[in-house]
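Asks: Quick check, what structure comes out for this input:
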Amino acid sequence: MANTTSIIWPLEPHTEIKHIILRRYLNSWLPIISRYHGKIVYIDGFAGPGEYSFGQDGSPIIAIKAVLDHKFKLGAKIRMLFIEKEEDRCKFLKEKINKIQPPSNLDIEIVCEEFRNIIDSILKTVEENKKNLAPSFVFIDPFGFSGIPLGLIKRIMQNPSCEVLINFMYGDINRFLDLDDNEVHLTETFGTDEWKNAPKNDPNKRLEFLHDLYKKQLKSFSGANITFVNSFMMKNKSNQTSYFLFFGTNKIEGLEKMKEAMWRTDKSGNFEFSDATYRPFQGVLFEDKPRYSELKIIILEKFKGKTISSKKLGDFVVTETSFLRSHYKIPILRKMEKESPSQIQVSNRKRKGTYPDDSIIKFL
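Replies: Residues are numbered from 1 along each chain as shown. Alright, predicted model coming up:
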């Protein structure tokens with residue numbers, strides 16, 4: 001982790017990749033959500049100064065440019081709220097954004113305050129008036145693990161068409177897990193004290209336990225009650241896990257677009273990145289390809305001897321595996337159909353070798 005006591009600091013590779021995922025998702029999210037809603041909101045809860053040591057854009061500028069540079073005209077009224085508690089960074093960000101000429105449909109506000117205080121105030125107003133938040137994307141990217149209680153995330157996600165992208169600071173959590181002073185913060189973050197059961201002597205099992213516990217709490221009814229949750233691991237230059245990006249949405253379309261953004265970043269489908277192996281100027285002889293044989297096994301284990309529509313099969317692939325909707329038709333179904341004897345029977349379609357949503361697949 002870079003020294004973050006100054007106003008600006010160097011951009012690390014894993015942060016650059018995080019921003020690439022963010023920008024790719026916003027490029028998809030903005031036109032989709034603005035097509036159906038007259039007002040949308042983007043919130044960056046830990047905005048920072050908006051710039052790194054060598055002039056690279058920070059997350060607020062990346063989000064603004066996603067609107068300014070979008071190839072489609074975005075008809076919705078877009079409100080961007082940037083929250084930064086450090087006054088010097090907040091001032092730096094204000095000065096930087098004041099140089100930008102936003103279009104008439106883009107409203108930008110910068111607040112020097114704690115994320116949880118501002119969001120709690122917004123949600124209280126909404127809840128007291130018995131209304132809902134406008135469709136919102138909330139980027140929660142703290143330096144530590146305190147100040148992002150699970151209960152607050154649940155309140156955000158109770159509003160229709162809201163989504164969260166959370167930086168779960170595993171490295172800090174793991175380092176300070178056994179300090180008594182952190183007990184309240186950790187229980188607040190996880191929404192339970194089950195974190196106390198994390199294995200102590202096996203680092204890999206500990207990582208798996210804490211990752212899975214947080215994911216479970218994001219999804220469970222007693223936790224944040226989010227329908228779909230996906231994660232992406234970020235490792236530092238020592239190849240140790242720094243954090244996980246957790247994305248949460250209640251819409252399959254959102255999950256699908258975020259997985260596409262993550263797949264473009266890690267074409268192996270492992271959903272991870274390491275500073276230790278990052279070689280931006282080194283060519284790749286053999287690019288990673290999806291492990292189609294693994295997906296075929298998953299599909300057959302679930303559907304062998306059963307019948308399902310192509311649309312529902314695609315939904316299964318998106319929601320229950322690490323793969324994309326584009327991975328199952330040509331690479332798997334077409335090959336299975338060409339086998340002798342054929343491994344599938346397909347009905348309700350016009351042309352062989354195609355698998356439209358309403359076609360019916362029977363796995364033999």
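Asks: Please, which helix or strand holds the residue nearest the centre of the chain?
Replies: With distances taken as CA atoms, centre = their mean, the residue of the chain nearest its centroid is residue 247 (3.0 Å). Element membership for residue 247 (DSSP states H and E) is strand 241-249.
Asks: My read is that the residue nearest to the centre of the chain contacts residue 229, right?
Replies: Yes - in terms of CB atoms under 8 Å, residue 247 counts as a neighbour of residue 229; the distance is 7.0 Å. For every residue, glycine as well, the C-beta is placed using N, CA and C.
Asks: contacting residues for the closest residue to residue 167 other than its chain neighbours?
Replies: In space, residue 167 comes closest to residue 141 once its chain neighbours are excluded; the distance is 4.4 Å by CB to CB, 6 or more residues apart in numbering. Counting by CB atoms under 8 Å, 6 or more residues apart in numbering, residue 141 makes contact with 18, 44-46, 59, 165-167.
Asks: Quick check: of those residues, which lies closest to residue 104?
Replies: residue 44 (21.6 Å; CB to CB).
Asks: May I have the beta-bridge partners of that closest one?
Replies: residue 82, residue 139 (DSSP bridges).
Asks: Distance of residue 335 relative to residue 301?
Replies: Using CB to CB, to the nearest Å, residue 335 is found at 17 Å from residue 301.
Asks: Who has more neighbours out of the two?
Replies: Between residue 335 and residue 301, residue 335 has the larger neighbour count (other CB atoms under 10 Å), namely 13 against 8.
Asks: Just the CA atoms of stretch 334-348, as PDB, please.
Replies: Output in PDB follows, covering the C-alpha atoms of stretch 334-348 (Å, rounded to 0.1, in the frame of the first residue of the first chain):
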ATOM      1  CA  ARG A 334     -22.700 -26.500 -30.800                       C
ATOM      2  CA  LYS A 335     -19.900 -28.900 -30.100                       C
ATOM      3  CA  MET A 336     -22.200 -31.200 -28.100                       C
ATOM      4  CA  GLU A 337     -24.700 -31.200 -30.900                       C
ATOM      5  CA  LYS A 338     -22.100 -32.100 -33.500                       C
ATOM      6  CA  GLU A 339     -20.900 -35.100 -31.500                       C
ATOM      7  CA  SER A 340     -21.800 -38.500 -32.800                       C
ATOM      8  CA  PRO A 341     -24.100 -39.400 -31.300                       C
ATOM      9  CA  SER A 342     -25.300 -35.900 -30.400                       C
ATOM     10  CA  GLN A 343     -25.200 -35.100 -26.700                       C
ATOM     11  CA  ILE A 344     -28.200 -32.700 -26.900                       C
ATOM     12  CA  GLN A 345     -31.500 -32.400 -28.600                       C
ATOM     13  CA  VAL A 346     -32.700 -28.900 -29.600                       C
ATOM     14  CA  SER A 347     -36.200 -27.800 -30.500                       C
ATOM     15  CA  ASN A 348     -38.100 -24.500 -31.100                       C
END
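Asks: looking at it, residue 126 is touching residue 133, isn't it?
Replies: Yes - using CB under 8 Å, residue 126 makes contact with residue 133 at a distance of 5.6 Å.
Asks: Can you list the low-confidence ranges for the protein?
Replies: The chain contains residues with pLDDT under 70 at 1-4, 280-287.
Asks: That one: strands as residue ranges?
Replies: Applying DSSP state E to the chain gives strands spanning 39-44, 77-83, 106-111, 136-140, 163-168, 228-235, 241-249, 272-274, 307-309, 344-347, 360-363.
Asks: nearest to residue 234, of the contacts of residue 141?
Replies: Nearest to residue 234 among those is residue 18, at 6.7 Å by CB to CB.
Asks: Touching, that closest one and residue 234? I think so.
Replies: Yes - using CB under 8 Å, residue 18 is in contact with residue 234, at 6.7 Å.
Asks: how far away is residue 143 from residue 22?
Replies: Separation of residue 143 from residue 22 (CB to CB) stands at 17 Å.
Asks: what's the answer for residue 149, then?
Replies: Distance, residue 149 to residue 22, by CB to CB: 23 Å.
Asks: neighbour count winner among these two?
Replies: For the pair residue 149 and residue 22, the greater number of neighbours falls to residue 22 (22 against 17), based on other CB under 10 Å.
Asks: Buried residues, the lengthiest helix in the chain. List them.
Replies: When the chain is parsed with DSSP state H, its longest helix is helix 13-36. The neighbour-count check on helix 13-36 (16 or more other CB atoms under 10 Å) flags 13-15, 17-19, 21-31, 33-34 as buried.
Asks: give me the number of residues near the closest residue in space to residue 327 that isn't next to it in sequence?
Replies: Leaving aside its chain neighbours, residue 327 sits nearest to residue 290 (5.3 Å; criterion: CB to CB, 6+ apart). Residue 290 has 19 neighbours, counted by other CB under 10 Å.
Asks: ok, residue 290 to residue 322 distance?
Replies: 9 Å.
Asks: Now for those two: what residues contact both?
Replies: Both residue 290 and residue 322 are in contact with residue 269, where contact means CB under 8 Å, 6+ apart.
Asks: follow-up on the earlier one: the strands of the chain into a markdown table, with extra columns for distance to residue 177?
Replies: A markdown table is the format used below for these (distance: least, CB to CB, whole Å):
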| stretch | distance to residue 177 |
| --- | --- |
| strand 39-44 | 28 |
| strand 77-83 | 27 |
| strand 106-111 | 32 |
| strand 136-140 | 20 |
| strand 163-168 | 13 |
| strand 228-235 | 18 |
| strand 241-249 | 14 |
| strand 272-274 | 22 |
| strand 307-309 | 43 |
| strand 344-347 | 48 |
| strand 360-363 | 45 |
